[in-house]
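Student: Need a 3D model of the sequence below.
(chains A, B, C and D)
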2 protein chains.
Amino acid sequence: MSKQELAVLGQDDADGCCPGLLTAPLDEAQSIELAKVFKALGDPIRLRLLSMIASRAGGEVCVCDLTPAFDLSQPTISHHLKLLRQAGLIDCERRGTWVYYWLLPEMTDRLAGILTRPAGQLLPEPAGTAGDA
Amino acid sequence: MSKQELAVLGQDDADGCCPGLLTAPLDEAQSIELAKVFKALGDPIRLRLLSMIASRAGGEVCVCDLTPAFDLSQPTISHHLKLLRQAGLIDCERRGTWVYYWLLPEMTDRLAGILTRPAGQLLPEPAGTAGDA
DNA sequence: GGGTTGTATCGATGTTCTTCAATGCAACAT
DNA sequence: ATGTTGCATTGAAGAACATCGATACAACCC
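Tutor: Residues are numbered from 1 along each chain as shown, chains lettered A, B, ... in the order given. Down below sits the predicted model:
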């Protein structure tokens, strides 16, 4: 119950590090892999689970602390945790009776990099758009 | 700001700027708003559309350049563009016969910030996890 | 005006997702 | 061994989504 199939986005570094979403058109295979991760983040319950796990001081959270924080059944929480794990965002380990989850910061770092545009690449913003006013 | 209904995530700055996903548990309302944006990114077609728009030199793309790049019907592409626009990721304007889309970097910047953990906050990584090996 | 082209909207359809109750499995307690 | 507790898996029901063809609307051309 540990290392998942998170081969996701592994080839980015081979290209020279972080081709990014904003600098060049994504090819089809990359977009499929990346969409899986964003889809995992595209649910309010999973976002709250992830933030509860990531912001935990000790770096890990017992499922027994997560489940009662929601108005959902235990199998539903377990299902959402599984999706986050399959996306490579978290991992878990059983220790005795309890199972502990923790963040895999590699993935969130990679997403942050993908969403960050290179300095100096400011868009011309054709029409009356979002400057800052 | 612009002309959309992107009240999304607007209250973050009021709290002091970017509480982040990784530093404190997200409250329910924030998670719902944020999930809408990530859900918009959770589809390969929309990711490719966004990257084609964002990486365009002039800063904007004509729909007539986007549609033929996919093996999908024109209404389907139009639908995906609408979802990206409703998420606050892009905006558009009609100029004569054609419609042009461009990136709203405020939203991608905000997502990048949300996924970036404060420097120095390194997790203990309790067990033998997915380092690389 | 009438015809043509570019894009958005509408309805319908098949697929995927969220959720639950029921059940299974692992570890502990007695 | 037997019962109990914590968590995962299974199977099913309803909601949400992606996609299409048909159609509507906007702007241009003649």
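Student: My read is that A:P105 contacts B:P118, right?
Tutor: No. If you go by Cβ atoms under 8 Å, A:P105 and B:P118 don't touch, sitting 11.6 Å apart. The C-beta positions use only the backbone N, C-alpha and C, and glycine is treated the same way.
Student: Secondary structure class of A:W102, three-state.
Tutor: Under DSSP: H, G, I helix; E, B strand; the rest coil, the three-state class of A:W102 is strand.
Student: Give me the neighbour count for it.
Tutor: Close neighbours of A:W102, defined as other Cβ atoms under 10 Å in any protein chain shown, add up to 22.
Student: per-residue pLDDT, it?
Tutor: In this prediction, A:W102 carries a pLDDT score of 98.
Student: That one - nearest residue in space that isn't next to it in sequence?
Tutor: Nearest residue to A:W102 in three dimensions, chain neighbours excluded: A:E60, at 4.2 Å (Cβ to Cβ, 6 or more residues apart in numbering or on different chains).
Student: Look up phi and psi at A:C92.
Tutor: The phi and psi values for A:C92, taken as degrees, to the nearest 10, are phi -150, psi 170.
Student: beta partners for it?
Tutor: Using DSSP bridges, the bridge partners assigned to A:C92 are A:Y101.
Student: re earlier: so how far is A:T76 from the residue nearest to A:W102?
Tutor: Distance of A:E60 to A:T76, given as Cβ to Cβ, to the nearest Å: 21 Å.
Student: So those two - more neighbours on which side?
Tutor: A:E60 (21 against 13).
Student: mind pulling up the phi and psi values for that one?
Tutor: phi -150, psi 160.
Student: pretty sure it contacts A:L104?
Tutor: No. The criterion here is Cβ under 8 Å, and A:E60 misses it with A:L104 at 11.7 Å.
Student: For chain A, which segments count as helices?
Tutor: For chain A, applying DSSP state H gives helices covering A:28-41, A:44-54, A:63-66, A:74-86, A:105-114.
Student: would JSON lines of those helices with distance to B:G113 and mean pLDDT be doable?
Tutor: Formatted as JSON lines, these follow (distance: least, Cβ to Cβ, whole Å; pLDDT from 0 to 100):
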{"stretch": "helix A:28-41", "distance to B:G113": "15", "mean pLDDT": "97"}
{"stretch": "helix A:44-54", "distance to B:G113": "14", "mean pLDDT": "98"}
{"stretch": "helix A:63-66", "distance to B:G113": "25", "mean pLDDT": "98"}
{"stretch": "helix A:74-86", "distance to B:G113": "21", "mean pLDDT": "98"}
{"stretch": "helix A:105-114", "distance to B:G113": "8", "mean pLDDT": "96"}
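Student: Can you lay out the ones you listed as CSV showing distance to B:R46?
Tutor: CSV is the format used below for these (distance: least, Cβ to Cβ, whole Å):
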stretch, distance to B:R46
helix A:28-41, 8
helix A:44-54, 18
helix A:63-66, 30
helix A:74-86, 19
helix A:105-114, 14
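Student: Take the ones you listed and lay them out in TSV including distance to DNA strand C.
Tutor: As requested, the helices of chain A are exported to TSV (distance: least, Cβ to the nearest atom of the strand, whole Å):
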stretch	distance to DNA strand C
helix A:28-41	6
helix A:44-54	5
helix A:63-66	12
helix A:74-86	3
helix A:105-114	17
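Student: Point out the most buried one among those.
Tutor: Highest mean neighbour count of those: helix A:44-54, a mean of 24 (counted as mean count of other Cβ atoms under 10 Å in any protein chain shown).
Student: so who does the closest residue to A:S51 other than its chain neighbours touch?
Tutor: Distance criterion Cβ to Cβ, 6+ apart; nearest residue to A:S51, sequence neighbours excluded, is B:L26 at 4.2 Å. B:L26 sits next to A:47-48, A:51, B:34 when contact means Cβ atoms under 8 Å, 6 or more residues apart in numbering or on different chains.
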